[in-house]
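>>> From the sequence below, what's the structure:
(chains A and B)
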Protein chains: 2
Amino acid sequence: MAETADIEQEVVALLEAGEREEALALLTERHPAEIGGTLDELESAHAFALFDGLEHETRARVIPYVQSAHRLSLLERLDLNEQVRLLTDMDADERVDLYQEMPEGWQRRLMPALAKAEREDLLRLASYPEGTVGSVMTSEYAILPAQITSREAVERLRRQALHKETVNIAYVLGADRRLQGTVTLTGLVVAEDDVLVRDLMQQEVVQVHADEPRSEAARLIADYDLLAVPVVDADERMVGIVTHDDAMDVQEAEATEDIYKGATVRPLETGLRSTALSTLYQKRIGWLVLLVFANVFSGASIALHEETIQAHVGLVFFMPLLIASAGNTGAQSATLMIRAMATGEVVARDWLYMLVREIALGLALGLTMALAVAGIGLLRGGPDVALVVALTMVIVVLAGSLIGMSLPFLLERLRLDPATASTPLVTFVADVAGILVYFGMADLLLTMPAVTG
Amino acid sequence: MAETADIEQEVVALLEAGEREEALALLTERHPAEIGGTLDELESAHAFALFDGLEHETRARVIPYVQSAHRLSLLERLDLNEQVRLLTDMDADERVDLYQEMPEGWQRRLMPALAKAEREDLLRLASYPEGTVGSVMTSEYAILPAQITSREAVERLRRQALHKETVNIAYVLGADRRLQGTVTLTGLVVAEDDVLVRDLMQQEVVQVHADEPRSEAARLIADYDLLAVPVVDADERMVGIVTHDDAMDVQEAEATEDIYKGATVRPLETGLRSTALSTLYQKRIGWLVLLVFANVFSGASIALHEETIQAHVGLVFFMPLLIASAGNTGAQSATLMIRAMATGEVVARDWLYMLVREIALGLALGLTMALAVAGIGLLRGGPDVALVVALTMVIVVLAGSLIGMSLPFLLERLRLDPATASTPLVTFVADVAGILVYFGMADLLLTMPAVTG
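Have a look, this model is predicted:
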């Protein structure tokens, strides 16, 4: 299979040579993801020309793969009837995503033109707040009654397949739309023709509430190796499913958010390249300015010891090294802990166990780093300096790792996001601790006649 | 559905009351992931008792969900015949994972006892290096000839379903096992009975090479919303598939690795809680000690300006603030860039475009932060100090963001992992730059009579 980048270049070359039909022929047999990706790379006039040439069903499948800013402009040029036809042909979850990107006026024009079923479905899906399971689910899933045979079930799925996103799994609902079990298409095909669905179905079904965080649906799909997870409302009535492909997108988006938070960048809605500079500025400046003011405390901690510094100006040589060590160790601890909490491996009640381990580990790391710095201290300032910096190192590294390890737990306790314990924040706290310990030790040891003499 | 944690507690209570049969009854109807998770939490004697009571097929499905250290001890207690039976019943990809965890002596004892087909399959899968597509693929997938009807195809899949991990997709192979197309079970069920597979199949199939990084398979599955991606060898012959559930595990593992690298922690093989302290120490100490020695340069940069410091000891007040600002901005830039490169959004040839954007952004961030620090400088040291710190802030923030943005590109250029541009490393480089600029500015401006006078 040719690479996507090659296809893009070929399409551009053909379009520039005026060979629109050739470009279309090359593109239409590709996967919708590749067509969408190619449209993204083209200048508007070319993208419009190609999009207009695509078949109607292809358009509905391609639109979800076009980057959001671009796709509204593709849609905008269609007349209202064509817009409605496109939306109707899209999967329910993609449709609501597109709908929510539209300005309000556009939404109001479009709504009355949709058929009643689509309109109600759209409004219901759009009602779930961003970030919830409901906001990533689809309302299209296959339903089967419990009392029919596997042969009849296959026949029903065959008819449903045209309108549903997936019929690889079908759901058996009881009274009040309560989920009684699931059955896979494979299971139905393999079974004898006259087995009843109720005897085939899996009854203990993993499910998730629509108002839980979307990451919960992704976690269940990953942990249980599911094709989809059924979603229920507060009354335990089935309202939708989250499919494996959407779970993967959620998992990637959540990882990106956590990685960003680790460096004090607030989540972006689109990719880095396509985000406007003004938006990037807004997402980055908040914590940076906050940390400028926070770091006044680091400066003040140093200023407290101006006399010590003037008496032993050589001390400042080791300052960046010691406070960076505390910060680096703290960043490691916080990062490990936040990730373990995000993947569900460590929970709040593990706090004491993790603390005990961290003390042992922090001491071992601190002693090793103290050895390294004592060597440097000996070379540069003699045994008394070596002693001060080595002792300081053990204490600040231990302090740094305990701060880094505890901050995520503390934040969770305060019902804040543990990932707020970003590396810059942990580094700042560890810096202040490091400065206070270092000059405290220096005051104590360097003014003792036995050591300085 | 009851929560997993509840089930665990109930099982433990029953086992401690000697009610093994009750505990088993409670557990056997659960999902294998929950049985595995419960076994993980139990003390060995209880875990052994429960595992022995499980049915044979259940054991084969549960074993992959038990944490690796624990599961070898469960397996060890079975006699060789039972071990072989268990391995034979497992999915091919899970089997090879388990096999690779065994010590060599055990592997040698086991191998001759396996049937020829399993033995060869195992050796072949085990031959792919860790981290490659081959190491996460399975050799069990459904194959169909192109010339049969959809009705015959469903009949064949029905027979294959018992031995394959999934028959939701089937692969049509030509001469030399070259992939000609794919067809879904749903597509076959929906189609008229006498349509030929060759007319139904999708011919442009996304595929991946066995020796590519495993993340490539995960990326394709995510980008194209696939159930599975076919894997081919160097001669383009089909050798396996990677399924959506394994792709999700790969995606999560890769994100964890990147997050760890961002804080200079080397990848762990198991979770944080279950990793031995000695292993954690090894995974953390390397970069920490390296950074201790690196930070000698920061210290040396300060020591170069000892005279300036002694003349204007008030300058050290602003030092942590300025160098932290450079480091924090650099960490943001590096983190954004590394993630965009990891998800494939930004590639090497985007370098110049990203650089131009970063200059604009770095200036905007630097000016804002300069305003903040000028205010503090004015309050604390008067207009000359305010001028020095504000000018320094603009320069170091711009420098920090350009360093953070360029380092990942540079590393990739040197064929190293861009994620090596960890926050601590970027912070260190930005620190040195910050110190040099700050005291350089101070030397320049504070000794100028017009400013100091």
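>>> Which pLDDT does the model give the nearest residue to residue A:77 once chain neighbours are set aside?
Nearest residue to residue A:77 in three dimensions, chain neighbours excluded: residue A:48, at 6.3 Å (CB to CB, 6 or more residues apart in numbering or on different chains). Using the backbone N, CA and C atoms, a C-beta is placed for each residue, glycine as well. Predicted confidence (pLDDT) for residue A:48: 87.
>>> what packs against the helix or strand residue A:25 falls within?
Assessed by DSSP states H and E, residue A:25 sits inside helix A:20-28. For helix A:20-28, the elements it packs on are helix A:4-16, helix A:32-41, helix A:44-53, judged by 3 or more CB pairs under 8 Å, 6 or more residues apart in numbering or on different chains; DSSP states H and E.
>>> Could you pull up phi and psi at residue A:318?
When quoted as degrees, to the nearest 10, the phi and psi of residue A:318 stand at phi -90, psi -10.
>>> And for residue A:211?
phi -90, psi 0.
>>> how much space between it and chain B?
Separation of residue A:211 from chain B (CB to the nearest CB, to the nearest Å) stands at 17 Å.
>>> how about the nearest residue to that residue, chain neighbours excluded?
For residue A:211, the spatially nearest residue (CB to CB, 6+ apart) is residue A:132, at 5.5 Å.
>>> ok, now which ones touch that neighbour?
A:210-214 (CB atoms under 8 Å, 6 or more residues apart in numbering or on different chains).
>>> Which of these sits closest to chain B?
residue A:212 (12.7 Å; CB to the nearest CB).
>>> So residue A:230 belongs to a strand, correct?
Yes: looking at residue A:230 with DSSP: H, G, I helix; E, B strand; the rest coil, it is inside a strand.
>>> quick one: contacts for it?
A:141, A:171, A:179, A:182, A:205-208, A:238, A:240-241.
>>> Same question for residue A:312.
Per CB under 8 Å, 6+ apart, neighbours of residue A:312: A:442, A:446.
>>> cool, residue A:179 as well?
Contacts of residue A:179 (CB under 8 Å, 6+ apart): A:171-173, A:205, A:207, A:230, A:232, A:236, A:238.
>>> export these to a markdown table and tack on pLDDT and secondary structure?
Below are these laid out as a markdown table (pLDDT from 0 to 100; DSSP: H, G, I helix; E, B strand; the rest coil):
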| residue | pLDDT | secondary structure |
| --- | --- | --- |
| A:171 | 95 | strand |
| A:172 | 95 | strand |
| A:173 | 93 | strand |
| A:205 | 87 | coil |
| A:207 | 94 | coil |
| A:230 | 97 | strand |
| A:232 | 96 | strand |
| A:236 | 92 | coil |
| A:238 | 95 | strand |
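>>> Just the buried ones out of those residues, please.
By neighbour count, with 16 or more other CB atoms under 10 Å in any protein chain shown, those hold A:171-173, A:205, A:207, A:230, A:232, A:238 as buried.
>>> how is chain A carved up into domains?
A:4-128, A:142-258, A:295-452 (automatic domain parsing).
>>> hey, C-alpha coordinates of stretch A:140-159 in PDB?
Extracted C-alpha coordinates of stretch A:140-159, given in PDB (Å, rounded to 0.1, in the frame of the first residue of the first chain):
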ATOM      1  CA  GLU A 140     -26.700   3.400  17.400                       C
ATOM      2  CA  TYR A 141     -26.400  -0.200  18.600                       C
ATOM      3  CA  ALA A 142     -28.100  -3.500  17.800                       C
ATOM      4  CA  ILE A 143     -30.800  -4.800  20.000                       C
ATOM      5  CA  LEU A 144     -32.200  -8.300  20.200                       C
ATOM      6  CA  PRO A 145     -35.000  -9.900  22.100                       C
ATOM      7  CA  ALA A 146     -34.100 -12.800  24.500                       C
ATOM      8  CA  GLN A 147     -36.700 -15.200  23.200                       C
ATOM      9  CA  ILE A 148     -35.700 -15.700  19.600                       C
ATOM     10  CA  THR A 149     -33.400 -18.300  18.100                       C
ATOM     11  CA  SER A 150     -29.800 -17.600  17.000                       C
ATOM     12  CA  ARG A 151     -31.000 -18.100  13.400                       C
ATOM     13  CA  GLU A 152     -33.600 -15.400  13.700                       C
ATOM     14  CA  ALA A 153     -31.200 -13.200  15.600                       C
ATOM     15  CA  VAL A 154     -28.700 -13.300  12.700                       C
ATOM     16  CA  GLU A 155     -31.500 -12.400  10.400                       C
ATOM     17  CA  ARG A 156     -32.500  -9.400  12.500                       C
ATOM     18  CA  LEU A 157     -28.900  -8.200  12.800                       C
ATOM     19  CA  ARG A 158     -28.600  -8.500   9.000                       C
ATOM     20  CA  ARG A 159     -31.400  -6.000   8.700                       C
END
